[in-house]
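In: sequence and predicted structure below; questions after.
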Amino acid sequence: MASRQSADAAVPAGERELLSAGDVARTVARMAHQIIEKTALDSGAEHVVLLGVPTRGVPLARRIAERIATFSGVTVPTGALDITLYRDDLRQQPNRPLEPSSVPTGGVDDALVVLVDDVLFSGRTVRSALDALRDQGRPRAVQLAVLVDRGHRELPIRADYVGKNVPTARSEDVAVRLTEVDDTDAVLLRRPGTSSGATPGPEPGTEPGTDTADSAGGKQ
Ligand SMILES: O=P(O)(O)OC[C@H]1O[C@H](OP(=O)(O)OP(=O)(O)O)[C@H](O)[C@@H]1O
Ligand SMILES: O=c1cc[nH]c(=O)[nH]1
């Protein structure tokens, strides 16, 4: 998938499109295939549940489940896991409304839970999600699926399924846009203060982790 520069009139100055709408769809499809394969979903041995982290992890989980159903014929239940009150930096975050967690009927006990989020950065959201999940039950195992891994981990957390590894500078921002929330599908890389035509890129030593077990297939 080729990255497009902000010469594209639809992409504002200082932003670079990392994934187009078509790229997002293909990436979600590939992640669905990887989940089917790694969990042996179509063998029926596992009770797999996809739990999205609000905001965009929730529609992303639904999209992955829809692709899984199409590819394997297996209906995977989805839900939402609000992590707001479990953050270790709650006091530093702007106030945001709580979004109720919704765990599918059947719960998460003994299930293989795949947490789904749009961006993996410091890892603190995922750590919070693990705490939030503990209040819902005791899964047999927990995996992590993210659309974008942009590196800069602050905790020993890695994803099992990575849509795209993106080397970034810490000062940059990866913005995932999904139609269910934003009326458009795209992934943008934003560098504060850059003008149109500048090429955002990584600072030395800022590449995202490359040791994710399943990210090889997901790298682009
Ligand atoms: O690995 P981390 O450093 O925790 O960053 C990743 C999180 O940041 C974003 O959420 P954000 O808190 O911005 O809320 P949003 O999903 O509502 O945009 C993103 O959706 C991830 O959940
Ligand atoms: O770049 C980032 C970092 C955290 N969360 C995001 O959505 N984007």
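Out: Done, it's in. Numbering: from 1, shown residues only. Ligands and ions are numbered 1, 2, ... in the order given.

In: what's the longest helix belonging to the chain packed up against?
Out: If you go by DSSP state H, the chain has its longest helix at helix 21-39. Counting contacts by 3 or more CB pairs under 8 Å, 6 or more residues apart in numbering; DSSP states H and E, the secondary-structure elements packed against helix 21-39 are helix 57-72, strand 112-120, strand 141-149, strand 161-165, strand 186-190, helix 215-218. From N, CA and C alone the C-beta is placed, and that goes for glycine too.

In: just how off-centre is the fourth one within its chain?
Out: Right, strand 161-165. 8 Å (CA atoms, centre = their mean, to the nearest Å).

In: who does it pair up with?
Out: The strands beside strand 161-165 in its sheet (DSSP bridges) come out as strand 141-149 (parallel).

In: what's the angle from the partner strand to strand 112-120?
Out: Orientation check (axes from the mean of the first three to the mean of the last three CA atoms, to 10 degrees): strand 141-149 against strand 112-120 gives 20 degrees.

In: report the buried residues of strand 141-149.
Out: Buried residues in strand 141-149, counting neighbours by 16 or more other CB atoms under 10 Å, are found at 142, 143, 144, 145, 146, 147, 148, 149.

In: for the third one, which non-adjacent residue is spatially closest?
Out: Yep, that's residue 144 we're talking about. Distance criterion CB to CB, 6 or more residues apart in numbering; nearest residue to residue 144, sequence neighbours excluded, is residue 159 at 4.5 Å.

In: near ligand 2, anything from the helix or strand harbouring residue 131?
Out: Using DSSP states H and E, residue 131 sits within helix 124-134. No - using CB under 6 Å from any ligand atom, no contact is recorded between helix 124-134 and ligand 2, whose separation bottoms out at 7.7 Å.

In: and the angle from that helix to helix 57-72?
Out: Counting by the same axes, to 10 degrees, helix 124-134 lies at 80 degrees to helix 57-72.

In: tell me if helix 124-134 is near ligand 1.
Out: Yes - counting by CB under 6 Å from any ligand atom, contacts between helix 124-134 and ligand 1 involve 124, 125.

In: other SSEs contacting that helix?
Out: Short answer (3+ CB pairs under 8 Å, 6+ apart): helix 124-134 packs on strand 112-120, strand 141-149.

In: am I right that the residue nearest to residue 144 sits in a strand?
Out: No - if the criterion is DSSP: H, G, I helix; E, B strand; the rest coil, then residue 159 is coil and not within a strand.

In: heads up, I number from 202, so please use that
Out: Understood, numbering begins at 202; the last thing we discussed is residue 360.

In: thought it was touching residue 348?
Out: No - counting by CB atoms under 8 Å, residue 348 is not a contact partner of residue 360; they are 9.8 Å apart.
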